[in-house]
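Novice: Any chance you can model this:
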Amino acid sequence: MKKIGILIASVLIISACTATDTLSRKEKDVAYQTYVTDNKLGSVKHISTFSMRNWQSLTNKFLLLSTSHKRQFLLQTKGQCFDLEYAQSLIMHQAVPSRLSINFDAIAIASYPKSKCYIKHIYPITKPQAKALRAIGKPVEEDKVKHS
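Specialist: Below is the predicted model:
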């Protein structure tokens, strides 16, 4: 009985999460690329002294990373990274252990560890930019609209 309750709760949570998006995956990819262009985010070739603290997938092509030094980055993969937006854990394939580089390093999800997604771009971002990126494709809160 307990397992059925957990299963029902999981389905409801997943349904609620998917119902909150207002853009398709393709539209989100375009919106993230547009954000990068409009905000003139510069790509770096690598992150030195890299130690991942946290991550959040945005789509199968874009994800946010936080490092141990409280730095934040937007990563873009070279292609679609299968099931990235639903992944629970991330595997980093790094040529150098304390460094994350474009073109040489890749990510994978635990369910498909051999399916590498090579990193195309690494964009350093600020906390407000990370917040803005997370908001893309989400409905605008009614309170904010009413008070504007």
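
Novice: Tell me where the longest strand sits in the chain.
Specialist: strand 112-125 (DSSP state E).

Novice: mind checking the SS state of the residue nearest to residue 33 when sequence neighbours are not counted?
Specialist: Counting by Cβ to Cβ, 6 or more residues apart in numbering, residue 33 lies nearest to residue 76, which is 8.0 Å off, once chain neighbours are set aside. To be clear about C-beta, it is placed using only N, CA and C from the backbone, and glycine gets the same treatment. Secondary structure for residue 76, judged by DSSP: H, G, I helix; E, B strand; the rest coil, is strand.

Novice: all strands in the protein, in order from the N-terminus.
Specialist: Using DSSP E, the strands of the chain run over 46-47, 52-57, 62-67, 72-77, 90-93, 100-101, 106-109, 112-125.

Novice: give me the beta-bridge partners of the residue nearest to residue 33?
Specialist: Residue 76 forms beta bridges with residue 62, residue 121, as assigned by DSSP bridges.

Novice: give me every residue that touches the closest residue to residue 73 other than its chain neighbours.
Specialist: In this structure, residue 73 finds its nearest non-sequential neighbour in residue 65, 4.7 Å apart by Cβ to Cβ, 6+ apart. Residues in contact with residue 65, defined by Cβ atoms under 8 Å, 6 or more residues apart in numbering, are 52, 54, 55, 72, 73, 74, 75.

Novice: how far away is residue 65 from residue 111?
Specialist: Residue 65 is 20 Å from residue 111, where distance means Cβ to Cβ, to the nearest Å.
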